[in-house]
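*Asks:* please work out how this folds:
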Amino acid sequence: MHENLKLSRFTVIIGHYGSGKTNLSINLALDLAATYDEVMLVDLDIVNPYFRSSDYTEMLGQNGVRVISPTFAGTTLDAPSLSAEVGAAFDCAGAVVFDAGGDDVGATALGRYAEEIKAIDHEMLYVINRYRNLTGSPAEAAALLGEIESACHLRATGVVNNSHLKDETTLETVLDSLPFARETAVLLGLPLRFTTVPARLAGELSPEPGAATHVENAYPIEIHVRTPWEDVS
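*Replies:* Modelled structure (predicted):
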């Protein structure tokens, strides 16, 4: 497991549509699989047909991660149907990552399991992306979390800065997002748990605090999630 990835055994990922929640969830699950004998990734996105962790079931399975997905995952049906297998996650002896749907609409499905989640040691990480519409300011990002928390009846325990511009992301893209991420965390009264950096850029980071290219608690991630129109060879 990466040195900056110090997670609770049970982690819930929430955030704005397009913030990169699903790609982060996949990275976390794969890293946790290096530590735990059993890892589950629960895909609760019953709204968005294009960015679902269940679309990567085969790859995840080959790397020791069991995916539990909505009944209609893999189709374009947006019926609010959740697999009965989700309950098995609460009996998992290893690690579990919940990938919740975007915004307050997607978080509603997560709310079905609020009491079970509250009953166990967990953390809920709010993923932010400075470059997404509707969360372009710290105040807007903070307000959106309030809507998500109301919908899922759970409280976030930390913030993850996942600011990116897809394939156009540069180290400057990440560095320029740090003030936004810090201010958002301050407004929410939550710790900024880590900042993601595309793995291809990790070598450009300085390990020295105070250096211009230093990112505190940087977490290198691979880009697994792409839209169908991006994944054309």
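*Asks:* show the average pLDDT along stretch 12-20.
*Replies:* In this model, stretch 12-20 carries a mean pLDDT of 91.
*Asks:* run the chain-centre distance for that stretch.
*Replies:* The chain centroid and the centroid of stretch 12-20 are separated by 6 Å under CA atoms, centre = their mean, to the nearest Å.
*Asks:* what residues are up against the closest residue to Met124 other than its chain neighbours?
*Replies:* Nearest non-adjacent residue to Met124, counting by CB to CB, 6 or more residues apart in numbering: Val12, 4.2 Å away. Every residue, glycine included, has its C-beta placed from N, CA and C. Shown in contact with Val12 (CB atoms under 8 Å, 6 or more residues apart in numbering): Val97, Phe98, Ala100, Leu110, Ile117, His122, Glu123, Met124, Leu125, Leu154.
*Asks:* nearest to Asp176, of those?
*Replies:* Leu125 (21.7 Å; CB to CB).
*Asks:* near that closest one, how many other residues are there?
*Replies:* Leu125 is flanked by 26 other residues according to other CB atoms under 10 Å.
*Asks:* again with the one 4 residues further on
*Replies:* For Asn129, the tally of surrounding residues (other CB under 10 Å) stands at 26.
*Asks:* coming back round to it: now, the contacts of Val12 that are in strands?
*Replies:* Using DSSP state E, Val97, Phe98, Ala100, Glu123, Met124, Leu125 are the members of these that sit in strands.
*Asks:* going by distance to Val174, which of those wins?
*Replies:* When the ones in strands among the contacts of Val12 are ranked by distance to Val174 (CB to CB), Leu125 comes first, at 17.6 Å.
*Asks:* list the residues that contact that closest one.
*Replies:* Thr11, Val12, Ile13, Ile14, Ala156, Thr157, Gly158, Val159, Val160, Arg193.
*Asks:* can you name the residues bridging to it?
*Replies:* Ile13, Gly158 (DSSP bridges).
*Asks:* and it, what's its pLDDT?
*Replies:* So Leu125 comes in at 97 (pLDDT).
*Asks:* and it, how far is that from Ser25?
*Replies:* Distance of Leu125 to Ser25, given as CB to CB, to the nearest Å: 10 Å.
*Asks:* can you work out which residues contact both of these two?
*Replies:* Common neighbours of Leu125 and Ser25 (CB under 8 Å, 6+ apart) are Ile13.
*Asks:* could I get the full set of strands for the protein?
*Replies:* Taking DSSP E as the criterion, the chain carries its strands at 10-15, 39-44, 65-68, 95-100, 123-128, 158-161, 192-198, 218-221.
*Asks:* any chance of JSON lines for those, columns distance to Gly210?
*Replies:* What follows is the strands of the chain, written out as JSON lines (distance: least, CB to CB, whole Å):
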{"stretch": "strand 10-15", "distance to Gly210": "29"}
{"stretch": "strand 39-44", "distance to Gly210": "36"}
{"stretch": "strand 65-68", "distance to Gly210": "37"}
{"stretch": "strand 95-100", "distance to Gly210": "33"}
{"stretch": "strand 123-128", "distance to Gly210": "24"}
{"stretch": "strand 158-161", "distance to Gly210": "18"}
{"stretch": "strand 192-198", "distance to Gly210": "16"}
{"stretch": "strand 218-221", "distance to Gly210": "14"}
